[in-house]
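Engineer: Make a model of this:
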Amino acid sequence: MATTLGTREDEQLIDSLEGESFKKFMLHYNFPPFCVGEVRPLRAPGRREIGHGALAERAIKPALPSEEEFPYTIRVVSDIMESNGSSSMATVCGASLSLMDAGVPVKSDVAGIAMGLFKEDDEFIILSDILGDEDHLGDMDFKVAGNDEGISAIQMDIKIKGIGMDILGKALQQAREGRLYILSKMREIIREPRSDISKFAPRYKSISISPERIKDLIGPGGKTIKKIISETDVSIDIQEDGKVLIYAPSMERLEIAINKIRKVTKEIEVGKIYDGVVKRVVPYGAFVELFPGVEGLLHISQLEDRKVERVEDVVKVGDRVPVKVLELDDLGRPRLSRKAAIRELNSYKRDDRGDSGD
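Structural biologist: Reported below is the predicted structural model:
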């Protein structure tokens, strides 16, 4: 039994008659011929693999955390090595243990048991945890999976015309007792999910940016986001509301990627002083970059506390200059002032020296 955690990019694409959808939890059940002593080629999944896998997946799914709690794609693979009974219910138990061992914060553990039946006239016997011969020779194969509180999945195969409520009621009660016993044995191995996921699983963090800054994070033709991904080896998923999901192979790379994203999507604060870089000089002022992708106009009238004839007399391309954000125009572009920044910085210096200014 193996549990693998992946990113949203690893979700399974389902192309059905109702349209496309994505699946974030997959349980694969493999039943090779050698597990029942058969010799035959390994081919595509058959009825048994698909049906038993779907049953186990349905049993486990209600216990999984929500996407907000745990935004990983989860794949569980059950390889049956030997079978002489209900391997699908063994898969339910094994999958539950594997998920907790992998650090998936499941809501509860889940166990399953297969019930059998021998009936003759009005007499019957309910069997718990049937063997292969009891399944083959018996009258019922009734699989029940769930937790302490209830049932999450059932499947019944019968070889007689039908069963009454007395048989069904006893089978369910006996299955409950067996399920609780199995859960107690499972809890002797692991009682709750591990506090952290495996060191081999991708690290994850979610941050929020302004939806208006999504275009800056993506960059022209995806240049900016592709650069961050290539430099940090992370996976980035951007949602329309500004939520950004970052998956990385290590915490170190995760933090580097987050810092790069924060740097690109920083919000401009009115009244704050920035250390900008002059990118262009025009007759009426200079365009100063506050941080990557964000420039503002430093008008010639805002260069110094005097009349400036030529912008080049004060600043040149490549100069680092302190500028204060006076306001944002209707398009969100900052209007800058060098003289206001210098005036404020000088005021701080005087305060630090204890000067009164007289």
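
Engineer: Give me the mean pLDDT for stretch 183-191.
Structural biologist: Mean pLDDT, stretch 183-191: 96.

Engineer: cool, stretch 348-358 as well?
Structural biologist: Rounded to a whole number, the mean pLDDT of stretch 348-358 is 57.

Engineer: where exactly do the strands run in the stretch 1-150 of the chain?
Structural biologist: For the stretch 1-150 of the chain, the strands defined by DSSP state E, counting those that start in this stretch cover 2-6, 12-16, 19-23, 25-30, 73-79, 111-120, 123-128, 140-146.

Engineer: Mind giving me the packing neighbours of the second one?
Structural biologist: In this case it means strand 12-16. Secondary-structure packing of strand 12-16 (3 or more Cβ pairs under 8 Å, 6 or more residues apart in numbering; DSSP states H and E): strand 19-23. Where C-beta positions appear, they are placed from N, C-alpha and C, glycine not excepted.

Engineer: Show residues contacting the strand it packs on.
Structural biologist: By Cβ atoms under 8 Å, 6 or more residues apart in numbering, the list of residues contacting strand 19-23 from outside reads E11, Q12, L13, I14.

Engineer: measure the nearest residue in space to the second one that is not next to it in sequence to S78 for me?
Structural biologist: The reference is to Q12. Leaving aside its sequence neighbours, Q12 sits nearest to K23 (Cβ to Cβ, 6 or more residues apart in numbering; 4.3 Å). Counting by Cβ to Cβ, to the nearest Å, the gap from K23 to S78 is 17 Å.

Engineer: Who has more neighbours out of these two?
Structural biologist: Taking neighbours as other Cβ atoms under 10 Å, K23 and S78 compare with S78 leading, 23 against 11.

Engineer: What separation is there between the most centrally placed residue in the chain and H28?
Structural biologist: Centroid-nearest residue in the chain: P71, 2.0 Å away (criterion: Cα atoms, centre = their mean). Applying Cβ to Cβ, the value for P71 to H28 is 21 Å.

Engineer: now E309
Structural biologist: The value you get for E309 to H28, if Cβ to Cβ is used, is 76 Å.

Engineer: One more: G51?
Structural biologist: Using Cβ to Cβ, we find G51 at a distance of 13 Å from H28.
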